[in-house]
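Peer 1: show me the folded form of this:
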Amino acid sequence: MILLDPIEISSGVILGKRRTQGPGPVPPTGSSGVRDTLSDLLVPRLETAPCFVGFSGGRDSAALLSLATRLARERSLPDPVPVTLRFEHRPRTDESHWQELTIEHLGLKRWEIVPLADELDPLGGIAIGVLGRHGLFWPPVAHRISPLLEVARGDVLLLGTGGDEMFSPWKPHPIRRRLGVRGQPPFRASRRAAFNLLPKQLRTRVRLRRSKAWPWLRPAARREVERRYRNFLGKRSPTWEAAIGRLPESRNFELTQAIFGSMARDAGVVLAQPFFEPRFIRAIGESAPRRGFDSRASAMALHFGDVLPSRMLERTTKAAFDELHGGRWTRGFAESWDGCGLDPDLVDADLLRDEWLSPRPAYRSLTALNAAWLASKETAPPT
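Peer 2: Here you go, the predicted model:
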């Protein structure tokens, strides 16, 4: 598994270029548009039945499931099988209304629903199984695809990962929209407008200084995180096409694909993430406006308006999964943790422990949690 450096572990911030060889340049798609490219990626997977689709109910997974269903029926192939994780007593994760809307719209007969309680705790049995086999990984919630892989064991699993990167707005279009002052009192509106007209790097620096994120980081570590952010923003691409074209060369992409690929091989699953395929990234970059899509809704309507329910296209809400960031195993470990495994020059162990014991620990704290747990196992006396 690819190693993370101490700052990445302590802060949970992954920026910059990949450190292993990437997929290389992708030639122009020519006459193949976004839908043709996506169809070329999906059809071979649909020919292997059953073909499972991770389906949360969000727009990205709904778009993937809807298009896969259309393609399968046009070719007289078996329908894809949606697989949904449902979490008990986690109301912020509930997307059952949107899930049922899409399933009814598509008329699918088979739907695998996996009920879960606290099995996906960051230090629950599933997570420590992945940590024990693969070592420290990123993203720290990668173990959440394990139940999907288990259902699809020995078969094909499609995931809609990458939708946020591909279909979200890159830059606001009209400058007035960037002012962000609608509905605010005049004095506050003028201050907000002046701030939002500052250069991007300066606005980011101010926000980082004001931010209360990473309260567990020592001052030197926080300054290094801020430096990495500034360096990252200083190399921002001039167009949206160039920006997403660089995605496969990013450290984030490198780490995510490494752990997902390893977990899929463990389960004997052919894992496909078509939105993250370099061919698809190239196709959507070539087709989009220079400054990116005006909104997520406009992007989804353009590419999936003929297969998605209209209410799904108009949706403005989104589930949150921060309720899964902590649980009884995380709290139990945090209560007994002695600071082992993390550099005391980078983190304040007491403040980090407080974060892990909070009702919804910060996502950025979970990589350090995993590292601390692994260190505790390495230093534990033999039984």
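
Peer 1: in the stretch 201-350 of the chain, which spans are strands?
Peer 2: 270-272 (DSSP state E, counting those that start in this stretch).

Peer 1: over to Val114: give its phi and psi.
Peer 2: Per-residue torsions, Val114: phi -110, psi 110 (degrees, to the nearest 10).

Peer 1: burial of it, as a residue count?
Peer 2: Around Val114 there are 14 other residues, counting by other Cβ atoms under 10 Å. C-betas here are computed from N, CA, C, even on glycine.

Peer 1: do the same with Gly234
Peer 2: Neighbour tally, Gly234, other Cβ under 10 Å: 9.

Peer 1: can you tell me the centre-most residue of the protein?
Peer 2: Central residue of the chain (Cα atoms, centre = their mean): Thr161, 6.5 Å from the mean position.

Peer 1: hmm, Phe276 and it touching each other?
Peer 2: Yes. If you go by Cβ atoms under 8 Å, Thr161 and Phe276 touch, sitting 6.0 Å apart.

Peer 1: what pLDDT does the residue nearest to the centre of the chain get?
Peer 2: pLDDT recorded at Thr161 is 94.

Peer 1: ditto for Arg182
Peer 2: For Arg182, the pLDDT comes out at 52.

Peer 1: how close does Leu158 sit to Leu116?
Peer 2: 20 Å (Cβ to Cβ, to the nearest Å).

Peer 1: do His143 as well
Peer 2: Counting by Cβ to Cβ, the gap from His143 to Leu116 is 12 Å.

Peer 1: of these two, which one has the most company?
Peer 2: Counted by other Cβ under 10 Å, His143 and Leu116 do not tie: His143 has more neighbours, with 25 against 17.

Peer 1: give me phi/psi at the more buried one?
Peer 2: Per degrees, to the nearest 10, the backbone of His143 is at phi -60, psi -10.

Peer 1: ok, now Phe52?
Peer 2: Dihedral angles (degrees, to the nearest 10) for Phe52: phi -90, psi 150.

Peer 1: and Ile113, by the same measure?
Peer 2: phi -110, psi 130.

Peer 1: shouldn't Gly22 be in contact with Glu249?
Peer 2: Yes. Gly22 is within contact range of Glu249, at 4.9 Å (criterion: Cβ under 8 Å).

Peer 1: does the residue nearest to the centre of the chain sit in a helix, a strand or a coil?
Peer 2: At Thr161 the chain is in coil, as set by DSSP: H, G, I helix; E, B strand; the rest coil.

Peer 1: kindly report the same for Asp40.
Peer 2: Looking at Asp40 with three-state DSSP, the answer is helix.

Peer 1: same question, Ser32
Peer 2: The three-state label for Ser32, taken from three-state DSSP, comes out as coil.

Peer 1: list the residues that contact the residue nearest to it when sequence neighbours are not counted.
Peer 2: Of all residues beyond its chain neighbours, the one nearest Ser32 is Ala283 (6.4 Å), with distances taken as Cβ to Cβ, 6 or more residues apart in numbering. Contact analysis of Ala283 by Cβ atoms under 8 Å, 6 or more residues apart in numbering lists 29, 32-34, 36-38.

Peer 1: again, only this time at 7 Å
Peer 2: Ala283 makes contacts with 29, 32-34, 37, as judged by Cβ atoms under 7 Å, 6 or more residues apart in numbering.

Peer 1: out of those residues, grab the one that's most surrounded.
Peer 2: Ranked by neighbour count (other Cβ under 10 Å), the contacts of Ala283 have Thr37 at the top, with 21 neighbours.

Peer 1: that one: which element?
Peer 2: Element membership for Thr37 (DSSP states H and E) is helix 34-46.

Peer 1: in the stretch 201-350 of the chain, which spans are helices?
Peer 2: Ranges of helices within the stretch 201-350 of the chain are 219-234, 240-245, 251-267, 278-287, 296-304, 310-313, 328-336, 349-357, based on DSSP state H, counting those that start in this stretch.

Peer 1: identify whichever of the ones you listed lies nearest to Ala127.
Peer 2: Taking Cβ to Cβ, helix 328-336 is the member of the helices of the stretch 201-350 of the chain nearest to Ala127, at 8.2 Å.

Peer 1: what about Arg92, how many residues nearby?
Peer 2: The number of residues near Arg92, taken as other Cβ under 10 Å, comes to 12.

Peer 1: need the contact list for Ala372.
Peer 2: So Ala372 contacts 337, 340-342 (Cβ under 7 Å, 6+ apart).

Peer 1: for Arg133, see how far away it is.
Peer 2: Taking Cβ to Cβ, one finds Ala372 at 18 Å from Arg133.

Peer 1: tell me the phi and psi of the residue nearest to Trp329 when sequence neighbours are not counted?
Peer 2: Leaving out its chain neighbours, the residue that sits closest to Trp329 by Cβ to Cβ, 6+ apart is Leu123, at 4.2 Å. With angles defined as degrees, to the nearest 10, Leu123 sits at phi -120, psi 30.

Peer 1: before we move on, the earlier item: closest to Ser61 among the contacts of Ala283?
Peer 2: Val34 (17.5 Å).
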